[in-house]
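> Okay, sequence plus prediction incoming.
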Amino acid sequence: MSAFEAVDAEGPRFEDARGWLQVLHESERCVLKRSFSKAGVFRGLHAQMTPSPQTKVIRVVSGLILDAVADLREASRPLETRELSPADGWVRIAPHYAHGFLAIEDTLFEYMCDGRYDEASEQAFAIGDELAAMGYDSPILSAKDRAAPPLRATAA
Ligand SMILES: Cc1cn([C@H]2C[C@H](O)[C@@H](COP(=O)(O)OP(=O)(O)O[C@H]3O[C@@H](C)C(=O)[C@@H](O)[C@H]3O)O2)c(=O)[nH]c1=O
């Protein structure tokens, strides 16, 4: 076998009103993805729970996002946000965070997760009130994220 083994480099692509998500490569141990989000889209917050927690390594290829994480180890689920642009390079998100982002501009985003996508273990949390308080009203959401319980309602 050649040392340069060809791998499936383009997996499925999912399009919806937010933009698209492309799986670039997936194995048992990692999944590499790219997504495009129109300005005003919010994706998340999402976290894969036991038995499939994931560390995510993320970057903005083009555009600008407000990245958001909530620490699921804390009863109060504290939310932290930070603007990320291409200049910030790769950023690591530990598995105990639920993660999401608002596209402030049209944004191309790439991320690597250690471990497979496991939809059954995923939990979604809504932060519409928190975004509105920061001046980001009526983000464009997926049906799944519209149906998610508010982050605060799930806090102890
Ligand atoms: C995330 C993902 C989705 N999909 C499919 C499921 C669905 O049909 C379509 C769109 O999925 P979602 O709506 O969950 O995509 P999206 O809202 O972009 O989900 C992502 O949000 C950001 C904030 C994250 O942190 C990521 O880990 C991931 O949860 O793509 C996969 O096949 N593999 C994957 O790894």
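Everything's here; your move.

> in the lengthiest helix in the chain, what counts as buried?
For the chain, the longest helix by residue count, based on DSSP state H, is helix 128-133. For helix 128-133, a neighbour-count test (16 or more other CB atoms under 10 Å) marks G128, E130, L131 as buried. All C-beta spots, glycine's among them, are computed from the backbone N, C-alpha and C.

> all strands of this structure, in order?
For the chain, the strands defined by DSSP state E cover 13-16, 19-26, 30-37, 42-48, 56-62, 65-71, 79-84, 91-93, 97-103, 107-114, 122-124.

> Any chance of a markdown table for these, columns mean pLDDT?
Formatted as a markdown table, the strands of the chain follow (pLDDT from 0 to 100):
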| stretch | mean pLDDT |
| --- | --- |
| strand 13-16 | 96 |
| strand 19-26 | 95 |
| strand 30-37 | 96 |
| strand 42-48 | 98 |
| strand 56-62 | 98 |
| strand 65-71 | 98 |
| strand 79-84 | 98 |
| strand 91-93 | 98 |
| strand 97-103 | 98 |
| strand 107-114 | 98 |
| strand 122-124 | 98 |
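
> Let me know which of those strands is tucked in deepest.
Burial of the strands of the chain is given as mean neighbour count (mean count of other CB atoms under 10 Å); strand 97-103 ranks first at a mean of 24.

> Up against the ligand, what does the chain have?
Taking CB under 6 Å from any ligand atom as the measure of proximity, the chain contacts the ligand at 14, 21, 23, 31, 33, 35, 43-44, 46, 56, 99-101, 117, 142, 144.

> Mind telling me which residue is nearest the centre of this protein?
G100 (4.5 Å; CA atoms, centre = their mean).

> How much space separates it from P12?
22 Å (CB to CB, to the nearest Å).

> what does G63 give?
Where P12 is concerned, G63 sits at a distance of 23 Å (CB to CB).

> and what of A133?
For A133 relative to P12 (CB to CB), the value is 36 Å.
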